[in-house]
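> fold the stuff below for me.
(one chain, ligands or ions: 3)
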Amino acid sequence: MAELLVILPTRAAVLLLFFATVSGSTGPGSRESRGSSRIPSQFSEEERVAMKEALKGAIRIPTVSFSHEESNTTALAEFGEYIRKAFPTVFHSNLIQHEVVGKYSHLLTVRGSDPSLQPYMLMAHFDVVPASEEGWEVPPFSGLEQNGFIHGRGALDNKNSVMAVLQALELLLIRKYSPKRPFFIALGHDEEVSGTKGAQQISALLQTRGVQLAFLVDEGSFILEDFIPNLKKPFAMISVTEKGALDLMLQVNMTPGHSSAPPKETSIGILSAAVSRLEQTPMPNMFGNGPLKKTLKLLANEFSFPTNIILGNLWLFRPIVSRVMERNPITNALVRTTTALTMFNAGIKVNVIPPLAQATVNFRIHPSQTVHEVVELVQNIVADDRVQLHVLRSFEPLPVSPSDDQAMGYQLLQQTIQSVFPEVKIIVPGICIGNTDTRHYVNLTNGLYRFNPVFLKPQDFSSVHGINEKISVESYQNQVKFIFELIQNADTYSKPVPHQHEL
Ligand SMILES: CCCCCCCC/C=C\CCCCCCCC(=O)N[C@@H](CC(N)=O)C(=O)O
Ligand SMILES: [Zn+2]
Ligand SMILES: [Zn+2]
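Numbering: from 1, shown residues only. Ligands and ions are numbered 1, 2, ... in the order given. This next block holds a predicted model:
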């Protein structure tokens, strides 16, 4: 921290200078540059091969986050070297300032030719959750291509985004494109273990520089297919909010003793009963609050009778719809705070009455509840003074970002989805049921959007943090195309004139 404070003024000065020297620059985007004229997103066969090979190489580096304390730091450092080599134009461009933050995360500041425009930020992370080889069709860190798919841990979460963002920028710079609107690229190295060393430090750095963003785009949602029965068409969901989280440790202490004369209840029995009550008593259904109403209203037109009428008239059919949503784990997660019993530790020897039993419960908090409310509900459900509650980590649900026609980030994503994926006719705002690094940036913008331009089916969702994670070569190339288009769309965006309301 002290080190950060010492170097900040120097870095701020360098950055100011950097933004101030737009006109006199050389290299990509200089006198011979094409300025901001539109460049078609067409790539040669050679470029397409290079794209997929670069992603395979990224997957082969085992950048695993095991816990807050333990990650493969050798791999994290190797990944930094790898991207420098894979994208030489990006890392040598004098339009771009590259900084390593928190030892392994990367912040790229891309100068825009019009510094009066508010910058935006593209985010992704390159750490991955662990993967043992068991159950995988190919080794998880092999990056092997089979039947048109690139396999491996991080193929969807989230090396695809890291590589696609850098790849798109590399291709734009090679074509002498000079961005008009400044932007940042933030690549985190510890998202899977909360982002406190990566994203949080990048955010702190940008705040000391007084940066305010127009919007940011991170992982957290997809173009969804087959997630809703009877809805065959794919729909793009741009998550405009994200659930909060609470990790609660439940603990029971008892006096140890000889197992031949056990007490009526042991710490294990008391704790098991408490966690079982929690599992059997779901948190209240909050359907009807938050952005889900707008999501369903927009989806309603895509269904045939009578579902279209039911979803279009939630004022009347709310109880039915909320009950149907509870039936499936994913839609259930959209309507309530979820309760997941994830760790249980107790006992030291088969003939010793256990002194201590501990269980950890992971709650994902619905946007219309607070951490405090959830802790109170847990106390009431457990209703046993012998069970102590310890909050290990918590944060509130994230604010709801705008999705109206004045919301630049949302509109740009929508426009780019429509041009790159013309077959996707439905675009809706949604809730991200997992957590992302975006929460570290709430002070920088109210436009926090989570969207990966990749088609996702329920079985693909299970592969994220599971087995056989993979992305099709075509999907990855479309992701590069999407970013290539998005950066250019951000340069030509103009806010629509607000509607005049008659008095
Ligand atoms: C009516 C609409 C139906 C909509 C169905 C929603 C389907 C959900 C599909 C995709 C959601 C994917 C969410 C992935 C983001 C999660 C990122 C992650 O794994 N984060 C970790 C680590 C962390 N940052 O805390 C986590 O534990 O959440
Ligand atoms: Zn992720
Ligand atoms: Zn993840």
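> domains for this protein, by residue range?
Per automatic domain parsing, the structural domains of the chain span 9-227+399-492, 241-395.
> ok now the longest one, how far from the chain's centre?
By that I understand domain 9-227+399-492. Relative to the centre of its chain, domain 9-227+399-492 is centred 11 Å away, using CA atoms, centre = their mean, to the nearest Å.
> now that domain: mean pLDDT?
The predicted model assigns domain 9-227+399-492 a mean pLDDT of 92.
> still on that earlier bit, deepest of the domains of the chain, which one?
Each of these was given a mean neighbour count from mean count of other CB atoms under 10 Å, and the largest, a mean of 19, is that of domain 9-227+399-492. Every residue, glycine included, has its C-beta placed from N, CA and C.
> rewinding a little: could you dump the domains of the chain into JSON lines with distance to ligand 2 added?
JSON lines is the format used below for the domains of the chain (distance: least, CB to the ion, whole Å):
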{"stretch": "domain 9-227+399-492", "distance to ligand 2": "4"}
{"stretch": "domain 241-395", "distance to ligand 2": "12"}
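> looking at those, which is closest to residue 499?
Residue 499 lies closest to domain 9-227+399-492 among the domains of the chain, at 8.5 Å (CB to CB).
> mind checking how far the closest residue to residue 407 other than its chain neighbours is from residue 211?
Spatial nearest neighbour of residue 407, excluding adjacent residues (CB to CB, 6 or more residues apart in numbering): residue 447 at 6.4 Å. Distance of residue 447 to residue 211, given as CB to CB, to the nearest Å: 14 Å.
> start and end of stretch 398-407, how far apart?
End-to-end distance for stretch 398-407, by CA to CA, to the nearest Å: 17 Å.
> interface residues of the chain facing ligand 1?
Residues of the chain lying close to ligand 1 by CB under 6 Å from any ligand atom are 191-192, 194, 219-222, 224, 227-228, 237, 295, 330-331, 432-436, 461.
> which ones among these are found in strands?
Of the residues of the chain next to ligand 1, the ones assigned to strands by DSSP state E are 224, 237, 432.
> could you measure from the last one over to residue 367?
Here residue 432 is placed at a distance of 10 Å from residue 367 (CB to CB).
> next, show the common contact partners of those two.
241, 242, 243 (CB atoms under 8 Å, 6 or more residues apart in numbering).
> what's near enough to touch the residue in the stretch 351-500 of the chain positioned nearest to ligand 1?
Closest residue of the stretch 351-500 of the chain to ligand 1, CB to the nearest ligand atom: residue 434 (2.6 Å). Shown in contact with residue 434 (CB under 8 Å, 6+ apart): 220, 242, 243, 364.
> just residue 171 next, same as before
Counting by CB under 8 Å, 6+ apart, residue 171 touches 43, 47, 480, 484.
> select, from those, the two members most distant in space.
47 and 484 (11.0 Å).
> before we move on, the earlier item: mind checking which of the residues of the chain next to ligand 1 land in helices?
Under the assignment DSSP state H, the residues of the chain next to ligand 1 contribute 295, 330, 331, 461 to helices.
> thought the second one was touching residue 461?
Yes: the criterion here is CB atoms under 8 Å, and residue 330 meets it with residue 461 at 7.5 Å.
> so where do the helices sit in the stretch 101-250 of the chain?
Assigned by DSSP state H, counting those that start in this stretch, the stretch 101-250 of the chain shows helices spanning 159-174, 199-208.
> among these, which comes closest to residue 497?
Of all the helices of the stretch 101-250 of the chain, it is helix 159-174 that lies closest to residue 497, at 29.7 Å by CB to CB.
> about what we covered before: want to throw the ones in strands among the residues of the chain next to ligand 1 into JSON lines with distance to residue 418?
Below are those laid out as JSON lines (distance: CB to CB, whole Å):
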{"residue": "224", "distance to residue 418": "16"}
{"residue": "237", "distance to residue 418": "15"}
{"residue": "432", "distance to residue 418": "22"}
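> list the contacts of the closest residue to residue 165 other than its chain neighbours.
Distances taken as CB to CB, 6+ apart put residue 122 closest to residue 165, at 5.0 Å, once the chain neighbours are dropped. Contact partners of residue 122, counting by CB under 8 Å, 6+ apart, are 165, 183, 184, 185, 186, 216, 217, 483, 486.
> please apply the same query to residue 441.
Contact analysis of residue 441 by CB under 8 Å, 6+ apart lists 121, 123, 199, 203, 213, 216, 448.
> host element of the nearest residue to residue 383 once chain neighbours are set aside?
Computed as CB to CB, 6+ apart, the closest residue to residue 383 that is not its neighbour in sequence is residue 277, at 7.8 Å. In this assignment (DSSP states H and E), residue 277 forms part of helix 267-280.
> which outside residues touch that helix?
Residues outside helix 267-280 that contact it (CB under 8 Å, 6+ apart) are 250-254, 339, 341, 344, 346-347, 354-359, 361, 378, 381-384, 386-387.
> distance check, the residue in the stretch 251-400 of the chain positioned nearest to ligand 1 against residue 445.
Using CB to the nearest ligand atom, the single residue of the stretch 251-400 of the chain nearest to ligand 1 is residue 330, 5.0 Å away. To residue 445, residue 330 is 28 Å away according to CB to CB.
> what do you get for residue 489?
Residue 489 sits 18 Å away from residue 445, going by CB to CB.
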